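Trainee: coordinates only, no sequence provided:
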């Protein structure tokens, strides 16, 4: 797969995931759930803008320059560590549709992550570096959504990232 094809495919994945979060944020009634889904949607939107800029640059210069790609979602390891802090104050409320939303989001994140892993394995240089960063970020998204889903299945808790110091990421 060429760099251009890979970026275009990545744009398709990111757009699909963003749209899932957008739809979900509009349907979820829980304020904490809306917050996390909106954060994930915004993060995916940032990925789309980044990929579009890399594609434009590639088409113009024939080279790929990897710029810093930030995220508002903590890394998977931080999410795991911070779960202990919030476990004591988890409410017991959830609508059935929210489980479906999270399951759909998790499936899309895993598919996207698998694509990025494939690109890391197949590419070298700047392409590999760019997709490795996306893979790292997607692993954080998977952890966030999986955490949500795990707690939804147990207690109905929507994980509130305000427990984290988002300034560190």
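Mentor: Nice, thanks for sending it over. These numbers were taken from a predicted model, which means no experiment stands behind them.
Trainee: okay, and the helix or strand of the chain with the least pLDDT?
Mentor: Lowest on mean pLDDT, DSSP states H and E among the helices and strands of the chain sits helix 76-86, with a mean of 60.
Trainee: what residues are up against the spatially most central residue of the chain?
Mentor: Centroid-nearest residue in the chain: residue 141, 3.6 Å away (criterion: Cα atoms, centre = their mean). Going by Cβ atoms under 8 Å, 6 or more residues apart in numbering, residue 141 touches 17, 40, 43, 73, 109, 113. C-beta here means a position set from N, CA and C on the backbone, and glycine is covered the same way.
Trainee: one more: residue 108?
Mentor: Residues counted as contacts of residue 108 (Cβ under 8 Å, 6+ apart) are 13, 16, 17, 20.
Trainee: I'd like to know which of those residues are buried.
Mentor: Buried subset of these (neighbour count, 16 or more other Cβ atoms under 10 Å): 13, 17, 20.
Trainee: sorry, back to before: pLDDT for the contacts of residue 141 - can I get that in CSV?
Mentor: Formatted as CSV, the contacts of residue 141 follow (pLDDT from 0 to 100):
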residue, pLDDT
17, 93
40, 89
43, 91
73, 74
109, 92
113, 94
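Trainee: nearest to residue 98, of those?
Mentor: Ranked by distance to residue 98 (Cβ to Cβ), these are led by residue 40 at 13.9 Å.
Trainee: so who does the nearest residue to that closest one once chain neighbours are set aside touch?
Mentor: The shortest distance from residue 40 to any non-neighbouring residue, by Cβ to Cβ, 6 or more residues apart in numbering, is to residue 21 (4.7 Å). Shown in contact with residue 21 (Cβ under 8 Å, 6+ apart): 37, 38, 40, 41, 44, 105.
Trainee: how about a cut-off of 6 Å?
Mentor: Residues in contact with residue 21 (Cβ atoms under 6 Å, 6 or more residues apart in numbering) are 37, 40, 41.
Trainee: since we're on the last one, how many residues are nearby?
Mentor: Around residue 41 there are 20 other residues, counting by other Cβ atoms under 10 Å.
Trainee: surely it and residue 23 touch.
Mentor: No: between residue 41 and residue 23 there is no contact under Cβ atoms under 6 Å: 9.3 Å.
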